[in-house]
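*Asks:* below: sequence and its predicted model.
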Amino acid sequence: MSFFKRKDKKLAKECPYNTLQEGYRQTEIGLKKACASGDEKAIRKAMDNHRRFEYALLYKSTPEYKAKVRKKYSTKRTRH
């Protein structure tokens, strides 16, 4: 899927679901604070961080991600 950027996929791969949810909540709080301040540069930065967590969460629920995880854990390595 070309919809998700490499950084989004990497974040989804490296972080457990609960960590991503907590990061999403924290960035949402930061986004609200930035909006309250009215600083456009801060809003853009906060929105970028928020989007990254949101897209990582969404990517974790795609068939592509699930297939990669299933493939990773289903291959049996045997010694000869």
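*Replies:* On my side now, so go ahead.

*Asks:* next, name the residue at the spatial heart of the chain.
*Replies:* Ala56 (2.0 Å; C-alpha atoms, centre = their mean).

*Asks:* buried residues in the host helix or strand of that one?
*Replies:* Using DSSP states H and E, Ala56 sits in helix 40-60. Buried positions in helix 40-60, judged by neighbour count with 16 or more other C-beta atoms under 10 Å: 43, 46-47, 49-50, 52-57, 59-60. Quick note: C-beta positions are derived from backbone N, CA and C, even for glycine.

*Asks:* for the very next helix or strand once past that helix, give the mean pLDDT please.
*Replies:* Moving toward the C-terminus from helix 40-60, the next helix or strand (DSSP H and E) is helix 63-74. Average pLDDT, helix 63-74: 80.

*Asks:* list the buried residues in helix 63-74.
*Replies:* Neighbour-count burial for helix 63-74 [16+ other C-beta under 10 Å]: Tyr65.

*Asks:* alright, that wraps it up for me.
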